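Colleague: Let me see the structure of the following:
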Amino acid sequence: MRTEQLRALTVIAETSSLRAAAARLGISQSSLSTSIQRLEAELGVTLLGRTRTGTTLTEAGRAALAPIRDVCRAEDDLRRVLSEYGDGRPELVRVAAVTSAVNTVLPVALHDVLDDARLEVQVRIGGSDDVIGQVLDDSADLGLIVCEPGVRPPTSGVRSETLLSARVGVAMPVGHRLARADSVTLGDLHGERMIDFRAGYLMHQVGRRMAAQTTARAVSHVESTPEAVRLVSAGVGMCFVPRFSVAAGDRVEWRELTDSAERIDLVLVSPARIRASIGLGRLTDRIRWHSRRLHGVRPETGGSAKTAVRDTV
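Modeller: Okay, here's the model as predicted:
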């Protein structure tokens, strides 16, 4: 019995799917299934059962889940204790992310791991293509990108997992006449000044499709979401952005567009061959946890990290 098998079982319990669990673990579904079958053979019990809706734990599996989690936590604690007797260097986790992620799930996930002095997190900010490139060339351990629904990196060198999917709405200055409404239509934007994104950015494509349905006019072209939001806050105009791109401290109002079906996904990408690391695993788990929270799903309740942020936009 190996702790990798036990950890895999906890992931299956969380996802209720062998396929989803295998994708999260970075292994093939057949390898995961074989690993669990060997664990069942060793223990002499059946841990998993299949239903129409997916894979579930049997009664024995449910009874074993809490002790299994205790074992996994004990291993993490053991590794942390023994790491004090190593060379003293903190573990470095390298993250590449788009600005939308830096505004939402990444800061709160980093906050959760800041109690571990043996963890150092390096964050580089860039466009989605830049992030994927860093994951592919092994200069980033994980990445956070934005995609349109159903569109994923066209390469076998990375794994992808959707964290958030949100409708694209409109950000407007505080006190704007439309801010009094709970929702807005594209027709309400006729004649408004719009802040556009530079050609080549995903939101440039999405925003152009939406602006084509109004008489709104572009008055500025920017290269990042924070830059667009700052201009909105200053009263320069409005911009089309998904809800997760607006941080709590931004002095703007965001409204849903009821006559638009445009959506943007926030996606976690990582190397196809995952690196075994407690720090990386912990940060990835917290990113997933906060993504579920932002989705409105109640997460399961359960690092000093030094964070260097480099803006490469």
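Colleague: Do you have the helices of the stretch 101-250 of the chain handy? List them.
Modeller: 105-112, 128-136, 202-211, 225-233 (DSSP state H, counting those that start in this stretch).
Colleague: helices or strands up against the longest one?
Modeller: In other words, helix 202-211. strand 193-197, strand 239-242, strand 263-271 (3 or more CB pairs under 8 Å, 6 or more residues apart in numbering; DSSP states H and E). Just so you know, the C-beta spots here come from the backbone N, C-alpha and C atoms, and that holds for glycine as well.
Colleague: list the buried ones in that helix?
Modeller: Of the residues in helix 202-211, 202-204, 206-207, 210-211 count as buried by neighbour count, 16 or more other CB atoms under 10 Å.
Colleague: Ok, the second one next?
Modeller: For helix 128-136, the neighbour count (16+ other CB under 10 Å) marks 128, 130-136 as buried.
Colleague: Farthest pair within those?
Modeller: Maximum pairwise distance among the buried residues of helix 128-136 (CB to CB): 12.6 Å, between Ser128 and Leu136.
Colleague: With Ser183 as the reference, measure out to the residue of the chain most remote from its centre.
Modeller: Largest separation from the mean C-alpha position in the chain: Gly44, at 37.8 Å (CA atoms, centre = their mean). According to CB to CB, to the nearest Å, Gly44 stands 58 Å off from Ser183.
Colleague: again, but for Leu57
Modeller: 42 Å.
Colleague: With neighbour numbers in mind, choose between the two.
Modeller: Leu57 (18 against 12; other CB atoms under 10 Å).
Colleague: So what pairs up with that one in the strands?
Modeller: Beta-bridge pairing of Leu57 under DSSP bridges involves Leu48.
Colleague: can you tell me how far it sits from Ala21?
Modeller: Taking CB to CB, one finds Leu57 at 12 Å from Ala21.
Colleague: just to revisit the earlier point, right, so the helices and strands packed on helix 202-211: which one is the most enclosed?
Modeller: strand 239-242 (a mean of 27; mean count of other CB atoms under 10 Å).
Colleague: Just give the nearest non-adjacent residue to Leu32, would you?
Modeller: Ala22 (4.5 Å; CB to CB, 6 or more residues apart in numbering).
Colleague: what's the answer for Leu39, then?
Modeller: Leu39 sits nearest to Gln5 (CB to CB, 6+ apart), 4.5 Å away.
Colleague: Now that neighbour: phi and psi?
Modeller: The phi/psi pair for Gln5 (degrees, to the nearest 10) reads phi -70, psi -40.
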